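K.L.:
Below are the sequence and a predicted model; questions follow.
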Amino acid sequence: LRKTLTLLDIRNNLRTRVLAIACFIPNYAILSALLLRESIIVFLIAVSSYFLICWWKNGKLRDLLLSLLASVGAAWLHSGMITYTLGIICIAISVQKASGGFRFDLLRPRTILRSAIAFCIVLFLLMNLNFGITSYFKDADSLEDIVAIADAYEDGGSAYNANIVSNDSTLGFIINTPFRMFYFLFSPVPWNWRSATDAIAFFFSALFYGYIFIRTIPHLTKKHGFSLGSALFLIALLTLMMFGWGVSNSGTALRHRDKMV
């Protein structure tokens, strides 16, 4: 983490604050003490992010491959992290060499076409291959199947319903996606609080991660230009979308948010 912050030219006092938060935030301390796989996933994503930024700045293929390898390792431990790998692939096929690194332009027709092709290929592999990373998706033939799979793991009083309309159409997917992303990021939302525990979870997790999400991208944009900020924002949106559809429970959302901070 310190190496990544240094690579991004973050000033020293901010690096110290970020490291302190990462070391002492209650969520991470609890997960580490319980020896859950989340700690390993967080580590692999951190490594992947570091090498992705190294590749962005120096253009070395080795760094890109190491970034992909670490992200695939995270996806092996949790299928939802395949969005990070997908984001890296979309970025790699969409950038142009520029002075001091790369330039990323998501709105170019060629960029959209290449990203769409990569997305379709990965989606096909998820639906048709039968190994560790794809196990969650192999029985899913529709959005309702994905939601049903998620609901099977969401027993308990903290389950929520983020659907505004039915999921059985493309329009339903488009309309519901922003709401599901919002609920994943900010649950337990105040109108669903059941006790003081939910309020504590909201302020120490949901509000904290929401603040990070909202403030990080503008700072990266100011520091490094729109290219790097937009590339990282793409990965964040893909991940929020995946977990937004795959999670319907505040407790599970709490745990999975920790993978991406």
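P.N.:
Perfect, thanks for sending it. Just so it is clear, the model here is predicted, and its values are computed rather than measured. Residues are numbered from 1 along each chain as shown.
K.L.:
CA atoms for contacts and neighbours, from now on please.
P.N.:
OK.
K.L.:
Pop out the phi and psi values for Ser67.
P.N.:
Dihedral pair for Ser67: phi -60, psi -40, per degrees, to the nearest 10.
K.L.:
Let me see the contact set for the residue lying closest to it once chain neighbours are set aside.
P.N.:
Take Ser67 and drop its neighbours on the chain: the residue closest to it by Cα to Cα, 6 or more residues apart in numbering is Ser48, 4.1 Å away. Neighbouring residues of Ser48 by Cα atoms under 8 Å, 6 or more residues apart in numbering: 66-71.
K.L.:
Tell me the first helix or strand C-terminal of the helix or strand in which Pro178 is found.
P.N.:
Assigned by DSSP states H and E, Pro178 belongs to helix 170-186. Later in the chain than helix 170-186, the nearest helix or strand by DSSP H and E is helix 196-201.
K.L.:
Output that following helix as CSV - backbone C-alpha positions only.
P.N.:
Taking C-alpha atoms only, helix 196-201 is exported to CSV below (Å, rounded to 0.1, in the frame of the first residue of the first chain):
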residue,chain,number,x,y,z
ALA,A,196,-28.0,0.5,17.3
THR,A,197,-25.8,-2.2,15.8
ASP,A,198,-27.0,-1.3,12.3
ALA,A,199,-26.4,2.4,13.0
ILE,A,200,-22.8,1.6,14.0
ALA,A,201,-22.3,-0.5,10.9
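K.L.:
in the stretch 51-200 of the chain, which spans are helices?
P.N.:
61-77, 82-92, 109-128, 143-152, 170-186, 196-201 (DSSP state H, counting those that start in this stretch).
K.L.:
packing partners for the second one?
P.N.:
In terms of contacts (3 or more Cα pairs under 8 Å, 6 or more residues apart in numbering; DSSP states H and E), helix 82-92 is packed against helix 61-77, helix 109-128, helix 226-246.
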